[in-house]
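structure for the following, please:
(one chain, ligands or ions: 2)
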Amino acid sequence: MDNQIDSFLKKLSYGAIAIASLTLFSLFLRTPDTCVPQEAPPKPHLRFPKSSCDFTSTRPHLPSDKKNNRLWSSRDWNNKLHSISLIFLPIRDLGLLPNHSKILCVSAGAGHEVAALQSLGVDDVTGVELYDSPPLVSRADPHNLPFFDAAFDFGFTARFDEALFPARFAAEMQRVVRPGGVCFLLVGECGSHEVRDVVRLFRNCRFVTSRNITFIGIRMTSILLRTRKSSS
Ligand SMILES: *[C@@H]1O[C@H](CO)[C@@H](O)[C@H](O)[C@H]1NC(C)=O
Ligand SMILES: *[C@@H]1O[C@H](CO)[C@@H](O)[C@H](O)[C@H]1NC(C)=O
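Ligands and ions are numbered 1, 2, ... in the order given. Predicted coordinates:
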């Protein structure tokens, strides 16, 4: 009698082990819902607004190379690159953007400006953003840049408007640009009063020029500043 119960219990436990193993195995084979690429099926409500954030939202789901190749061959990407290149050409004409410049792009999003500057022939372009987008953009807080003073010849940002602490953002940007270097900003289109307000935040810079431009179809104002030669 005991033997029968014993063998029954043994069978029961083997059965349980088999069921548990099968369950584990099937869980292992099944793709978790959270890893399904967002392209299939489309879930527009889960997408970020159409902006540079688009790029980061798909990051965990694709190997970096594949994702980058797809992004970089897209028409949208190339149009933006072209649009950004046009903005830097007048600065190049002023002689302020030689190929050997060391450039920092702050809040560089997916890295359009980094790619645009590289395509213009600038050798040393660094892009930073709160979220990294390798290989063009690495992660850094614009309010606390991980660079030495005067490490760059040229600082650029197209997202000064979005800075949480504009004064801090400005102070950091001009800190890492060498004396006599360039700070170049794009802000939402504005008149001379607002331009003056922005310039005032860059205490260690002098105003060179501002222009109304169209940047990727958006009307913006570009502001060109030079960092002062001595920080007196
Ligand atoms: C800078 O680089 C670009 C692209 O490589 C090249 O076409 C251009 O001539 C270079 N400019 C200078 C001044 O060397
Ligand atoms: C740029 O546009 C703003 C707003 O439309 C305007 O007030 C300002 O005068 C323009 N600036 C220049 C230099 O045209």
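
ok, now how distant is whichever residue of the chain sits closest to ligand 2 from Arg219?
Nearest to ligand 2, among the residues of the chain, is Gly191, at 3.3 Å (CB to the nearest ligand atom). Heads up, the C-betas are built off the backbone N, CA and C, glycines and all. Remark: distance between Gly191 and Arg219 (CB to CB, to the nearest Å) = 12 Å.

for the nearest residue to Phe207 once chain neighbours are set aside, what are its contacts?
Nearest residue to Phe207 in three dimensions, chain neighbours excluded: Val199, at 4.8 Å (CB to CB, 6 or more residues apart in numbering). By CB atoms under 8 Å, 6 or more residues apart in numbering, the contact list for Val199 reads 205, 207, 223, 225.

which SS state does Asn69 fall under?
Put simply, Asn69 is helix when judged by DSSP: H, G, I helix; E, B strand; the rest coil.

so the closest residue to Cys183 other than its chain neighbours versus Arg75, what's the distance?
Of all residues not flanking Cys183 in the chain, Leu225 sits nearest, at 4.3 Å (CB to CB, 6+ apart). Leu225 sits 33 Å away from Arg75, going by CB to CB.

could you do Gln4 as well?
To Arg75, Gln4 is 75 Å away according to CB to CB.

can you check Glu194 too?
Distance of Glu194 to Arg75, computed by CB to CB: 33 Å.

equivalent analysis for Val182, please.
The span separating Val182 from Arg75 equals 31 Å under the rule CB to CB.

neighbour-wise, which of these two wins?
Taking neighbours as other CB atoms under 10 Å, Val182 and Arg75 compare with Val182 leading, 23 against 7.

report the backbone C-alpha coordinates of the helix or strand encompassing that one in CSV.
Val182 is part of strand 177-188 when elements are defined by DSSP states H and E. Taking Å, rounded to 0.1, in the frame of the first residue of the first chain, the C-alpha atoms of strand 177-188 are listed here in CSV:
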residue,chain,number,x,y,z
VAL,A,177,34.2,77.0,-26.0
ARG,A,178,37.6,78.6,-26.1
PRO,A,179,38.1,82.3,-25.9
GLY,A,180,37.7,83.8,-29.4
GLY,A,181,35.6,80.8,-30.4
VAL,A,182,32.0,80.7,-31.7
CYS,A,183,28.7,80.0,-30.1
PHE,A,184,25.9,79.5,-32.6
LEU,A,185,22.3,79.1,-31.7
LEU,A,186,19.0,78.5,-33.3
VAL,A,187,15.9,79.7,-31.5
GLY,A,188,12.2,80.0,-32.5
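
next, the angle from the next helix or strand after it to strand 177-188.
On the C-terminal side of strand 177-188, the closest following helix or strand by DSSP H and E is helix 192-201. Put simply, helix 192-201 runs at 150 degrees to strand 177-188, going by axes from the mean of the first three to the mean of the last three CA atoms, to 10 degrees.

quick check: bridge partners of Thr227?
When assigned by DSSP bridges, Thr227 has beta-bridge partners Cys205.

wait, what's in contact with it?
Counting by CB under 8 Å, 6+ apart, Thr227 touches 174, 177-183, 204-205.

and this structure, which of its residues are near ligand 2?
Counting by CB under 6 Å from any ligand atom, the chain comes close to ligand 2 at 189, 191, 212, 221.
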